[in-house]
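Engineer: With the input below, show me the fold.
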Amino acid sequence: MNGRAVVKIIRDPIHEYISIYEDEVPLLDCALLQRLRNIKQNGMAYFVYPALTVSRFEHSLGVMHLADQMLSTALTRSNPSVTKEFLLRCAKECGAQKDKADIADINEIKTRLSKIIRIAALLHDLGQLPFSHTFEELVHQIVERVLPPALMKKWQEYITATEGSLHEFLTAVLLELDSDISRAVGKDKEVVLRLLQTPPEDKTIYGTLHEIVAFDIDADRGDYLLRDGRASGTEFGRFDLRRLVEGMRLAKITTFGPKKEESFVIRPTIQALSAVESLIIERYKSYRWLYHHHRVVVTNRMLEEIIWRLLRYHWDNVSPFNTVPLFFPLANVSSSDKAMPSLFMDDVDVSGLLRQAYRLLKGNGNNQKVGTSDIWVEFQELKALFDEILFRHKRGIALWKDIGGYKQFNDRVANDVETIFREHQQREYRRVEGRVLPAEQVHKTTDQTDFTLNWLVERLLGRSFAKRKELETQINRDLKSKKIDGFLLLSVTFFKPWEYRGEREYEVIGREGDLYHLSDVSPIVKQLKETSRSSIRLYAYLLLHKEIKDLSLSKQNATMQQIMEAAKEIFAQNLIKWAKKQLSKEAGR
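Structural biologist: Here you go, the predicted structure:
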């Protein structure tokens, strides 16, 4: 699609060969982009799947390659008049040099678009934090400690205006502030920045281009599903990528609201429905059994908890931790700085800090007074967390590992939870789109509803780290009073395979250029929406202060079963009390 010179070929296990153009080499050599080699795409998942050490760098190369292919196919195989109109609008909005509509100019616009989409795709994960989303979820809660005031103001404006994530915001910040990146991107910097910051489904050209990089059926998902499935050895994520790419088309859409609006979308055609269905099914399987494997979830949660505790307390006055340099270099950057430090943290930095903290704890923590009993408990719990994360010394076990155990716990609390909701929300609760609301009936599980537990988690916990910690604290207080020598960690997952964000569905383009929701043309996808509502969303892990030596021994196993049953009962009781408290708070507002 362009006449630029290819100067490098990269061998890739997913796409076979990825071409690198001459003007992209300086960008690839930037320290911040090379940093992505040391950031694992899937956090601590390699604890369960040892070969799953895919880096954000190789993923970014794949997304760049795939986004370019998708754009090229859409522009080459769509209706010529629609393509020409789209390209001329791109020339106008993206700053192409000429306005004439001759063939030479059209080819020039295509080349420019190819360059822009490749840069945006290559940089789309530039702001990923160490261990990817594991750290991102945590840093969301302490972002005021990480960002200086000038950037905090920008962050607040960003999340108010968009549905973007923290790493997407940091990507834009780094692209704007780092002199090496800015120099390598050159005159396309403002266009790339706007593309990355414009939300998908925006009616502008930038929204259309963003959707190729990251939306629903996009280059990002097309790459990571295949790459992670292959690396893990599970082979989840396998779908007909070539059929999907060959099916991409450009369509012009007219919408009528307060005013008539015309916009462009790039989607697969309905003829490529088999590839689209396979992508969605494989994405569901990957999340359910790979990314949300109970051990993957809890290992990520333990890493998050270690960092949370170290950052929360700072340990300024508590030896030996007051010598650990826990910081984020980004905190030293202001909006007036001309350059961004190349040492923005990666997995290697974090691992080094954790090992340093552990050595100090092991060498000094047991041999000195640390001030209060609460701090001593923190030391014990941190040591248990370190033992699991750094040395795989087994200290705990999941309260449920599969959907069967989750259903049992769900049934244990369902009636009590629904009674609470009926008491507090008799009028508000109704049945809407298959979601059972207890003002109408008591339920546990049906083919058309969430588990009560899922529904409680979404309604009262959501993505709030603070609420999760409040519930954990309450449970752990009771565990201690019952002489259970351990503590509980909770993790909440949210995944809906049929949507991008909110409740928006995948779409395909019909033969006449119309858009169809997948659930309207695919019974498989429609059924998957219901199936996914019964996935596990709440994970609970009991971590003991003493190492579990051998669960295969009958005596050890019987003891653990007693402890687990006691922990489940305490968890259930506290969950009910906590739900009642939260709803009482809401009623009093």
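Engineer: Show me which helix runs longest in this structure.
Structural biologist: What stands out as the longest helix in the chain, according to DSSP state H, is helix 554-587.
Engineer: just how off-centre is that helix within its chain?
Structural biologist: 28 Å (C-alpha atoms, centre = their mean, to the nearest Å).
Engineer: Likewise for stretch 15-22?
Structural biologist: 27 Å.
Engineer: Going by neighbour count, which residues in that stretch are buried?
Structural biologist: By 16 or more other C-beta atoms under 10 Å, the buried positions in stretch 15-22 come out as 15, 18-20. From N, CA and C alone the C-beta is placed, and that goes for glycine too.
Engineer: can I get the CA coordinates of it in PDB?
Structural biologist: The C-alpha atoms that make up stretch 15-22 are tabulated as PDB, following Å, rounded to 0.1, in the frame of the first residue of the first chain:
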ATOM      1  CA  HIS A  15       2.800 -13.400  11.500                       C
ATOM      2  CA  GLU A  16       6.000 -15.200  10.100                       C
ATOM      3  CA  TYR A  17       7.600 -12.000   8.800                       C
ATOM      4  CA  ILE A  18       7.100  -8.400   9.900                       C
ATOM      5  CA  SER A  19       8.600  -5.700   7.700                       C
ATOM      6  CA  ILE A  20      10.200  -2.600   9.200                       C
ATOM      7  CA  TYR A  21      10.500   0.600   7.100                       C
ATOM      8  CA  GLU A  22      13.500   2.900   7.100                       C
END
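Engineer: What residues does residue 199 make contact with?
Structural biologist: Applying C-beta atoms under 8 Å, 6 or more residues apart in numbering, we find residue 199 in contact with 162-164, 207, 210.
Engineer: Repeat that for residue 235.
Structural biologist: residue 229.
Engineer: May I ask which helix or strand encompasses it?
Structural biologist: If you go by DSSP states H and E, residue 235 is not part of any helix or strand.
Engineer: what's it sitting at in phi/psi?
Structural biologist: Here is the backbone geometry of residue 235 (degrees, to the nearest 10): phi 70, psi 10.
Engineer: Now the element after the strand or helix carrying residue 382, going C-ward?
Structural biologist: In this structure, residue 382 sits in helix 373-391 according to DSSP H and E. Next helix or strand after helix 373-391 toward the C-terminus (DSSP H and E): strand 396-398.
Engineer: Hmm, residue 111 is touching residue 5, no?
Structural biologist: No. Counting by C-beta atoms under 8 Å, residue 111 stays clear of residue 5, with 12.0 Å between them.
Engineer: out of these two, which sits in the more crowded spot?
Structural biologist: Set residue 111 next to residue 5 and count neighbours by other C-beta atoms under 10 Å: residue 111 wins out with 15 against 8.
Engineer: re earlier: give me the subset of the contacts of residue 199 lying in helices.
Structural biologist: Counting by DSSP H, the part of the contacts of residue 199 found in helices is 207, 210.
Engineer: of the contacts of residue 199, closest to residue 355?
Structural biologist: residue 164 (33.5 Å; C-beta to C-beta).
Engineer: where in the protein is pLDDT low?
Structural biologist: Scanning the chain for pLDDT under 70 picks out 1-3, 95-104, 145-146, 257, 311-344, 363-376, 424-450, 497-504, 549-556, 587-589.
Engineer: Secondary structure class of the residue nearest to residue 65 when sequence neighbours are not counted, three-state.
Structural biologist: Leaving aside its sequence neighbours, residue 65 sits nearest to residue 18 (C-beta to C-beta, 6 or more residues apart in numbering; 4.5 Å). Three-state call for residue 18 (DSSP: H, G, I helix; E, B strand; the rest coil): strand.
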